[in-house]
Every structure is written in structure tokens, then in C-alpha cells.
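Student: Please find the sequence and the predicted model below.
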Amino acid sequence: MLKSARKQEKDPEGRMPLADHLRELRNRLAKAMLAIVLVTIVAAFFYKDIIEFFTNPILNAVGCDSTFSELAQQRSGTCARIVLNGLLTPFTLALKVSLMAGVIFASPVWLYQLWAFVAPGLHKHERKYAYAFVGTGVPLFIGGAFFAYKTLPTMAKVLLEFSPADLDNQLPLDDLLDLIVRMVLVFGLSFELPLLLVMLNLTGVLTGQRMLGWWRAMIIGITVFAAVATPSTDPLTMLALAGPIWILYFCATAFSLLNDRRKRRRDALGPADEASELDLTPEDIGEVESVSASRALPEQVSRERVNGYDDVT
């Protein structure tokens, strides 16, 4: 019983043998995969609703509500129809959408498993920074994904304006979903730029003054990136991506400047954990205790040769 209790005790610093690390990694990966599989199975029953959630805004903006003969008589406007090509396409699309939904909606579980595996090896201040980065990064990514979802209908409408008049556009659903996923990832990851800059400032790699000096180049670079990342050529979609990143960049610069000022004040005050001065004043040690001579030594002092030297015994 005592041996089993000792084995269950964990090192307070999170240290363990390599075999235990691998065993823990296997268990946490199994829990994460099980959560993804279960959520994927549940999402498979609602995959049509998920597809409609992403495609309805685009279809409402560019959808065809008229027949070909009616469109030919109107002689104005362009529209699009979302279609599926192939016999197996509906089944493979259902699997793709369900798996994507499983990974996204099960993210709290597998992110927790990842954090639980890494956290024991982090120091207290490192855990504090990690909590702050995760707590800030998730809302930023969701904000970027929301902007992508709102700008996609406008982007689709502008792109379809290049179609010849009175022609019906067919949009393959799998290609459309791939485009939506790419736009969501591009917008979401681009909103993480300020968080990256703040992280570099906290680690001492980048100063706020240098970030402020880059503002002209950053505005041009963000604008070019937004123009390349958005497939449409209209300025509205480009500004929908570039504008928030400009604001977040200047917010990160302001935070870095304040953090640099705080560091300078702390350095001016000196280290907070400086050791106290030593008191070298001698103190009275009290009476000296007398020690009796060893009985093995003779009472009279004589000189004799020991190891080749004159020694007093």
C-alpha cells in the first residue's frame, strides 16, 4: 500500500520519467481524438444546417430567384446557383463538413488536453502570460472570422459582376466552402498580428518606439496584404480587413510603449529582490569553556621527530 501511494504522488515541479511522459501524452491524445469523433458524429446530423449557415448569406446576395427565360427577358443583373458535381460529392462533402465542425466545436477539449500536458513544465509567470495570450488570442481570431463572414456576400456580389450579362453562374459547393474556410482562416490569423507584436515586446525582442517608427511601412504592408488576401477587387472588402488590423496595430504599439515605460521605471528603482546589508558588528560570545587535555598525550612537553619535522607534543 505504501509503495502504491508513493507511486501516485506527483512531483510538485511536474518532473516525471520519459515513459510516464509518453504514457500521459498517449492518454491525452486519446481523449482529444475521442472528443473530436463524438462531436463529429453529432455534427453529421446537422451538416445541412451548417452548410446553410455559411452559404445562405452569399446565396441571398447573388442567388437566382428567376428561371432562365425570365432572366433572358430581363436582360439585366447577374446571379449564381450553388450546385454539386458528381454522385459521391454529397457524401464526401458531408464527411468534410462534419469533421471540420468536430474539430472546431471540440476545440475546448483538445486545447485543454494540450494545456494540461504542457502546463506542469511552465513557471508561474509563464502560465500567467499563457493565460493572457490564450484569453486574448481566441477573441481576436473570432473577431477576424466574424469580419470574413460578414464581408463574403459583398465580395461574392462584386466578383459576379464580371460575368457576362444574362448568364447563370454555377458555384460548386465544395469549392465555395473551401473559399469560405480560407477567408475565415486568413481574417482570423491576420487579427493575431497585434498579439504577436505584444509578445515580442514582453520578451524584450521589440520595443514600442521601434514599432511606432514602422507605422508608415506597416500601414502600406497591411493594405497590400489585405488586397492580396481578399479575392474581390472592391475597396470595401479590402478596408474591412485592413481597417481593424490598423487599429489593432496602433493598440499594440500603445501597449508596448506603456510597457517599456514601466520597465524603465522598474530598472531605475533597482532590483526588488536585493539582499539586505550584512551587520558586521562583533558580538560577545560569552565565557570560553575550558577543555581538558587528552589523556593519550603526555603531561610534559617534549620535542621529538615526527615525519621528519620537529613537532611539539
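Tutor: Received it, and whenever you're ready, just let me know what you need. Numbers count the residues shown, from 1 in each chain.
Student: average model confidence for stretch 195-209?
Tutor: Over the span of stretch 195-209, the pLDDT mean works out to 83.
Student: Any idea what Pro172 is bridged to?
Tutor: Val83 (DSSP bridges).
Student: Kindly tell me how buried it is, as a neighbour count.
Tutor: Neighbour count for Pro172, taken as other C-beta atoms under 10 Å: 15. In short, each C-beta sits where N, CA and C put it, glycine included.
Student: Pretty sure Gln170 sits in a strand.
Tutor: Yes - under DSSP: H, G, I helix; E, B strand; the rest coil, Gln170 sits within a strand.
Student: Pull the contacting residues for it.
Tutor: Ala80, Arg81, Ile82, Val83 (C-beta atoms under 8 Å, 6 or more residues apart in numbering).
Student: Leu114 against Arg28, yeah?
Tutor: Yes - between Leu114 and Arg28 there is a contact under C-beta atoms under 8 Å: 7.5 Å.
Student: which residues of the stretch 151-300 of the chain score low on pLDDT?
Tutor: 165-166, 231-234, 270-300 (pLDDT under 70).
Student: which stretches of it form helices?
Tutor: Listed in chain order, the helices of the stretch 151-300 of the chain (DSSP state H, counting those that start in this stretch) span 173-190, 193-202, 208-213, 215-229, 235-269.
Student: Please name whichever of those helices is nearest to Glu52.
Tutor: helix 173-190 (10.9 Å; C-beta to C-beta).
Student: Can you tell me how far Phe191 is from Leu257?
Tutor: 21 Å (C-beta to C-beta, to the nearest Å).
Student: Next: Ala30.
Tutor: Taking C-beta to C-beta, one finds Ala30 at 46 Å from Leu257.
Student: Pick out whichever of those two has more residues nearby.
Tutor: Leu257 (16 against 11).
Student: correct me, but that one touches Leu212?
Tutor: Yes - with contact defined as C-beta under 8 Å, Leu257 reaches Leu212; the gap is 6.9 Å.
Student: how about the helices of the stretch 151-300 of the chain in JSON lines, adding distance to Phe91?
Tutor: Formatted as JSON lines, the helices of the stretch 151-300 of the chain follow (distance: least, C-beta to C-beta, whole Å):
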{"stretch": "helix 173-190", "distance to Phe91": "12"}
{"stretch": "helix 193-202", "distance to Phe91": "39"}
{"stretch": "helix 208-213", "distance to Phe91": "50"}
{"stretch": "helix 215-229", "distance to Phe91": "32"}
{"stretch": "helix 235-269", "distance to Phe91": "33"}
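Student: neighbours around Met211, how many?
Tutor: If we define neighbours as other C-beta under 10 Å, then Met211 has 23 of them.
Student: how about it, what does it touch?
Tutor: Going by C-beta under 8 Å, 6+ apart, the list of residues near Met211 reads Leu197, Asn201, Ala252, Thr253, Ser256.
Student: Okay then, goodbye and thanks.
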